[in-house]
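Q: here's my sequence, what's the structure:
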Amino acid sequence: MTIATETFADLLEERISVDRLNTSYGRIRPDEWGSEWVKYHVLFAAQLVKAYAALRHRLRQYGYDTFYFVASPSMLGHWRNRVALEIARPYVSRIVAHVHNSSFPRVFDRALSSGSAQRMVEAVDTFIFTNRMLSERAESYIPPSKRSVVHNTVDDQVRCTNAEVSDKIESRSTKESLRVLYLSNMIETKGYRDVAEAVEQYNADGGRTATVDFVGDWPSSQSRRRFMEQVSGFRHSDAMQVHGRVTDRNRLRRMMLEADAFVLPTYYPNEAQPIAIIEMLNAGTPVISTEHAAIPEYVFDDENGYLVDKQSPTQIKQSLDALSDRSNWQEKAWSARRTYEEMFSPDAVQDAMLRAIRGEN
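A: Residues are numbered from 1 along each chain as shown. Sure thing, here's the model as predicted:
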């Protein structure tokens with residue numbers, strides 16, 4: 001989310017003046033009670049208090065026109081947003097909220113936040129949604145005049161050139177093994193266990209091989225330990241590399257270009273429009289994912305990849321089987337790149353974002 005926000009800010013900064021205040025703690029929230037959970041929330045709270053003070057200071061010192069923030073679907077996140085809104089509203093003429101999360105409408109349904117959420121709608125001038133599905137889910141709470149759709153795009157550090165993608169697709173004819181990439185936070189409902197099981201099934205067939213790289217931050221050491229125990233029980237565990245979090249964007253870009261297939265069989269409840277999929281389309285990498293959230297809006301079954309059922313390693317394996325055919329893989333790879341250029345190019349996103357910020361939609 002931080003990278004996505006920075007990418008939008010970079011695009012806008014080419015046309016307008018943008019100041020940034022980063023409130024991110026810099027790591028994924030622990031999902032299990034313990035010392036890591038307590039430490040995370042204590043340090044995050046302290047950082048947030050400092051951020052509010054910095055926000056008030058900047059608003060008083062500079063004449064900003066617009067205050068932009070990312071809208072949270074969680075109870076605590078909503079109240080963090082409301083505090084920031086109360087601080088900013090007297091100093092700016094426009095407020096813009098960016099919605100990335102498919103669970104955002106929940107703030108209108110919860111008893112402890114429904115009234116506050118309606119007041120937030122009154123205070124915000126424009127809500128930007130990353131896809132049509134998210135916008136439509138909020139239509140009962142936010143009028144059409146306050147809703148805009150702006151697709152995500154990718155930052156310049158992972159953006160691939162046409163020449164790089166062409167070289168990748170042409171060089172595939174000399175490769176025997178299939179290289180699979182999973183890139184997302186290591187949250188179980190993102191489907192990483194299903195990816196491991198599918199690659200194990202693929203290799204167990206014999207005659208062909210696939211390797212898989214798992215890249216993402218762990219919510220707890222317990223989650224990582226459980227997954228490593230699963231992998232160690234596989235006959236082909238040596239084909240699976242668990243990297244953890246990778247912050248080097250140039251390294252990630254190389255991994256995207258080296259990947260033959262990107263697999264994200266997510267059923268994560270808060271999923272919206274996974275940026276990792278857009279990054280892979282940018283690299284000409286066919287995508288295997290689920291018919292979940294907004295994913296079917298840009299992953300087209302048997303065109304730029306495959307859509308599989310949730311929690312179905314066997315269907316993932318069958319999709320990998322299909323991509324092992326080189327001519328089929330080449331068609332899917334070119335289609336992936338075309339999808340990126342037509343829907344998520346920086347120029348198109350920049351124009352749409354600027355119109356939304358200015359209230360011109």
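Q: which non-adjacent residue is nearest residue 306?
A: residue 319 (4.0 Å; Cβ to Cβ, 6 or more residues apart in numbering). Using the backbone N, CA and C atoms, a C-beta is placed for each residue, glycine as well.
Q: isn't the one you found right up against residue 288?
A: Yes - counting by Cβ atoms under 8 Å, residue 319 does reach residue 288; the two are 4.7 Å apart.
Q: anything in contact with each of those two?
A: Contact criterion Cβ atoms under 8 Å, 6 or more residues apart in numbering; residues shared by residue 319 and residue 288: 261, 305-306, 308.
Q: residue 341: which of the residues you listed is nearest?
A: Using Cβ to Cβ, residue 305 comes nearest to residue 341 of those, at 15.9 Å.
Q: show me what contacts the closest one?
A: 261-262, 286-289, 299, 319, 332, 336.
Q: determine the longest helix present in the chain.
A: Of all the segments of type helix in the chain, defined by DSSP state H, the longest one is helix 35-61.
Q: now that helix: average pLDDT?
A: On average, the pLDDT along helix 35-61 is 90.
Q: which elements pack onto that helix?
A: helix 75-88 (3 or more Cβ pairs under 8 Å, 6 or more residues apart in numbering; DSSP states H and E).
Q: what about the helix or strand just after the helix it packs on, average pLDDT?
A: Per DSSP states H and E, the first helix or strand lying C-terminal to helix 75-88 is strand 94-99. Mean pLDDT, strand 94-99: 97.
Q: how far does strand 94-99 sit from its chain's centre?
A: Relative to the chain's own centre, strand 94-99 is displaced by 19 Å; criterion: Cα atoms, centre = their mean, to the nearest Å.
Q: adjacent strands (with direction) for that strand?
A: As defined by DSSP bridges, the strand partners of strand 94-99 come to strand 66-71 (parallel), strand 126-129 (parallel).
Q: got the contact list for residue 148?
A: 126-129, 135, 352, 355-356, 361.
Q: actually residue 172, not the one I typed
A: 260, 326, 329-330, 333.
Q: let's go with 10 Å and repeat that
A: 178-179, 260, 284, 326, 329-330, 333 (Cβ atoms under 10 Å, 6 or more residues apart in numbering).
Q: same check, this time on residue 313
A: Taking Cβ under 10 Å, 6+ apart as the test, what residue 313 contacts is 191, 193-202, 265.
Q: ok, the residue of the chain most remote from its centre to residue 176 distance?
A: Farthest-out residue of the chain from its mean C-alpha position, per Cα atoms, centre = their mean: residue 207, at 34.9 Å. Using Cβ to Cβ, to the nearest Å, residue 207 is found at 10 Å from residue 176.
Q: residue 234 contacts residue 198, correct?
A: No - counting by Cβ atoms under 10 Å, residue 234 sits too far from residue 198 to count as a contact (11.3 Å).
Q: between the two, tell me which one has more neighbours.
A: residue 198 (27 against 17; other Cβ atoms under 10 Å).
Q: can you tell me the element that one falls in?
A: Secondary structure (DSSP H and E) places residue 198 in helix 192-204.
Q: in that helix, which residues are buried?
A: Going by neighbour count (16 or more other Cβ atoms under 10 Å), the buried part of helix 192-204 is 192-203.
Q: that helix packs against which elements?
A: Judged by 3 or more Cβ pairs under 10 Å, 6 or more residues apart in numbering; DSSP states H and E, helix 192-204 is in contact with strand 178-183, strand 210-215, helix 221-232, strand 240-244, strand 261-264, strand 287-290, helix 313-323.
Q: okay, the ones you listed in TSV with distance to residue 271 next?
A: Below are these laid out as TSV (distance: least, Cβ to Cβ, whole Å):
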stretch	distance to residue 271
strand 178-183	14
strand 210-215	18
helix 221-232	18
strand 240-244	22
strand 261-264	9
strand 287-290	9
helix 313-323	17
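Q: closest one to residue 78 among these?
A: helix 221-232 (26.4 Å).
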